[in-house]
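**Q** got a structure for you, letters missing:
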Ligand SMILES: Nc1nc2c(ncn2[C@@H]2O[C@H](COP(=O)(O)OP(=O)(O)OP(=O)(O)O)[C@@H](O)[C@H]2O)c(=O)[nH]1
Ligand SMILES: C[S@@+](CC[C@H](N)C(=O)[O-])C[C@H]1O[C@@H](n2cnc3c(N)ncnc32)[C@H](O)[C@@H]1O
Ligand code: SF4
């Protein structure tokens, strides 16, 4: 819980008891066997007993387990009643065995109450009693062995959880303790720690110290995801279906229920969502950059925009991006800051969308607005638009390399620079909120797209997404050389430059050609040419391409006692030659260094950069 707290969702936005039960019945009918009430915090719901009691009546329909995950602050008082109502299993969160640290982590007292809750669960034989401990470096990692020791006499299952990134929790990779490291710490003290077997859909990898009453486990979402066995779907307290904890795609089942959607239609919506459940979550570093609801809000905050108007406006925006912009889009750029989205460029206009779905702006480069989007921008002054446009560019927006449309509201982006694939409308199950104009539904009350129309359209989209592999990593995140076989040959040139500052003495020796090893400028020039030719042998994922020409020039700067090096390379090929030009400059500079190091080591190679580049898919580049 952040220090400043969170805004509580108005009650009418939360699923009612009846709605929770209706949805549960539907899911159980479709084969769900276990329901976990998690958080937020389930124990603060006044109707918890009623919900568990109603879930208990679904046993005959196939429900086998009813569980909760709780902070256990009020558990000892309520447990007996919960068990009588039908609760089978309980997971309790506890990140420290030290009461003072508990207060520091949770910002409240209550450690004793949690321990009472754990003891009560053991007494009530709520088997297994799982204790969830999120391990954070610098906070509680030195307590790992104490937690393991705790299982000697207590028949609990302590699960060490890798700290996961959620909005606002200030995650960074250093704070996360990977499970291999935890395992190492435990093995150092208990070398005979034994591995137990897991169920295929378990979140944790189970272990036990031989002879101990309890066991331990590791929940390795970050370092070794267990998505392969994932069979879970999640409904937030405000009624959104999330098919992945880490996915932003959410579908409002609450709104569907409240708009009188039939059971068959609901099943269609759910089916379409589940079919698009991804094979696994994004990689660890990408996750950290993603926008995701914090864990505390998975339970209770309305985040998704309403499909009623998103469907129409998504269509409208993609349409303006393609047709409304009147001329073809020649470039798409990703804005540099999270949530700023994409900019589409065409001859006569450009359009900015926000990736988080908050807004979408369509700007005209000329005086008149572009059709299809006019009404949305009456209030935006051309000058401001221009300013924003310029800012985006000067902020160094990063190119999207390719984009593929799958229909009127679905597309994929691939961004090689950032090594990631971005999906605009996500997997199509979500209202395509990347293109929502405004989050004020009343403004668009004329829109009448219904759920079923929307999802019908979406369900026609291909379920498998053939995202082009353009990055230098393969599907397992390992390095690969990108295939350029499909690319056309074009004339490509690149110029790079660099500087070696050699100091007064060496400078004069070079200038007067008195360096003992020989003619520095000539040798370095040849070295630069040879270096450019050798580029693909030196840089692992570089292609070896036929070069048309290599020019290396060295000039002397008597003021700074430096040699300025410039290399220009050209090729008629499938891939750019900037690496060749940069290698040429680097090798020329190293050669100068090598030839002069007998005089001094006080030489600095610096400012190696790409000055310009032309040809290729992404257009020309000039260093400014
Ligand atoms: N990646 C991922 N991690 C999850 C998911 N559900 C739970 N976890 C992780 O498991 C931790 C404990 O969650 P719990 O609420 O106790 O649920 P659980 O582990 O699924 O519980 P069991 O039903 O006992 O397996 C969470 O803090 C997450 O780290 C999920 O769907 N995906
Ligand atoms: C978000 S809580 C909700 C249920 C309940 N309020 C509780 O405290 O247990 C569910 C589980 O997620 C864990 N959790 C919370 N933030 C996490 C994070 N950043 N990384 C990994 N697990 C986290 C909690 O420790 C808890 O076991
Ligand atoms: S697919 Fe999503 S929900 Fe399932 S284990 Fe992976 S991250 Fe969790």
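**A** Good, I have the coordinates. The shown structure was predicted, so the numbers you read here are calculated from the model rather than taken from an experiment. Residues are numbered from 1 along each chain as shown. Ligands and ions are numbered 1, 2, ... in the order given.
**Q** Counting neighbours, which bits of stretch 47-61 end up buried?
**A** 48-49, 51-55, 58 (16 or more other CB atoms under 10 Å). C-beta here means a position set from N, CA and C on the backbone, and glycine is covered the same way.
**Q** just those now: which is nearest ligand 3?
**A** The shortest approach to ligand 3 among these belongs to residue 55, at 21.2 Å (CB to the nearest ligand atom).
**Q** quick one: secondary structure of the closest one?
**A** Following DSSP: H, G, I helix; E, B strand; the rest coil, the label given to residue 55 is helix.
**Q** Just the element for the closest residue to it other than its chain neighbours, please.
**A** Using CB to CB, 6 or more residues apart in numbering and skipping the chain neighbours, the partner closest in space to residue 55 is residue 66 (5.1 Å). For residue 66, the element it lies in under DSSP states H and E is strand 65-70.
**Q** Now do the buried residues in that strand.
**A** 66-70.
**Q** how about the residues of the stretch 151-300 of the chain near ligand 3?
**A** 225-227, 230, 232, 244-246, 280-281 (CB under 6 Å from any ligand atom).
**Q** What of the stretch 501-624 of the chain?
**A** Counting by CB under 6 Å from any ligand atom, no residue of the stretch 501-624 of the chain is near ligand 3.
**Q** ok and the residue in the stretch 501-624 of the chain nearest ligand 1?
**A** residue 541 (30.5 Å).
**Q** Could you say which helix or strand holds that residue?
**A** Counting by DSSP H and E, residue 541 is part of no helix or strand.
**Q** try residue 19
**A** Applying DSSP H and E, one finds residue 19 within helix 17-29.
**Q** after that helix, next one along is what?
**A** Following helix 17-29 in sequence, per DSSP H and E, is strand 34-37.
**Q** ok, now how distant is the residue nearest to residue 55 from residue 218?
**A** Noted for residue 66: a distance of 25 Å to residue 218, by CB to CB, to the nearest Å.
**Q** likewise residue 252?
**A** From residue 252 to residue 218 the distance is 34 Å (CB to CB).
**Q** do residue 140 as well
**A** 15 Å.
**Q** which parts of this protein sit against ligand 2?
**A** Counting by CB under 6 Å from any ligand atom, the chain sits next to ligand 2 at 38-41, 69-71, 93, 132, 134, 161, 163-164, 166, 169, 295.
**Q** make it 5 Å
**A** Contacts of the chain with ligand 2, taken as CB under 5 Å from any ligand atom, map to 38-39, 41, 69, 71, 93, 132, 134, 161, 163-164, 295.
**Q** any idea how far residue 256 is from residue 15?
**A** For residue 15, the distance to residue 256 - CB to CB - is 12 Å.
**Q** related to what we said a few turns ago, would you turn the buried residues of strand 65-70 into TSV with pLDDT and distance to residue 505?
**A** TSV is the format used below for the buried residues of strand 65-70 (pLDDT from 0 to 100; distance: CB to CB, whole Å):
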residue	pLDDT	distance to residue 505
66	97	82
67	97	77
68	97	77
69	97	71
70	97	74
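**Q** I'd like to know which of these is nearest to ligand 3.
**A** Using CB to the nearest ligand atom, the buried residues of strand 65-70 come closest to ligand 3 at residue 69, 14.2 Å.
**Q** I'd like the distance between the closest one and residue 87.
**A** 12 Å.
**Q** quick revisit: residue 15 and residue 256 - which one has more neighbours?
**A** residue 256 (24 against 20; other CB atoms under 10 Å).
**Q** Wait, the more buried one touches residue 264, no?
**A** No: taking CB atoms under 8 Å as the definition, residue 256 is not a contact partner of residue 264, at 11.7 Å.
**Q** Name the SS class of the residue in the chain that ligand 2 sits nearest to, please.
**A** Distance from ligand 2 to each residue of the chain (CB to the nearest ligand atom) is smallest for residue 39, at 2.7 Å. Secondary structure of residue 39, reduced to three states by three-state DSSP: coil.
**Q** That one: neighbouring residues, count only.
**A** 20.
**Q** same check, this time on residue 598
**A** Other residues close to residue 598 by other CB under 10 Å number 11.
**Q** Next: the one 10 residues further on.
**A** Residue 608 has 16 neighbours, counted by other CB under 10 Å.
**Q** just residue 198 next, same as before
**A** By other CB under 10 Å, neighbour count at residue 198 equals 14.
**Q** What of residue 505?
**A** Neighbour tally, residue 505, other CB under 10 Å: 13.
**Q** If we ignore the residues flanking it in sequence, what's nearest it?
**A** Nearest non-adjacent residue to residue 505, counting by CB to CB, 6+ apart: residue 599, 6.3 Å away.
**Q** what does residue 97 give?
**A** residue 146 (5.3 Å).
**Q** One more: residue 537?
**A** Residue 537 sits nearest to residue 544 (CB to CB, 6+ apart), 7.6 Å away.
**Q** What distance do you get for that neighbour to residue 586?
**A** 18 Å.
**Q** Between the two, point out the one with more neighbours.
**A** Per other CB under 10 Å, whichever of residue 544 and residue 586 has more neighbours is residue 586, with 22 against 10.
**Q** what kind of secondary structure is the more buried one in?
**A** helix.
**Q** What is the neighbour count of residue 541?
**A** For residue 541, using other CB under 10 Å, the count is 12.
**Q** If I look at it, what pLDDT would I see?
**A** Per-residue pLDDT puts residue 541 at 82.
**Q** And residue 476, by the same measure?
**A** On the pLDDT scale, residue 476 gets 42.
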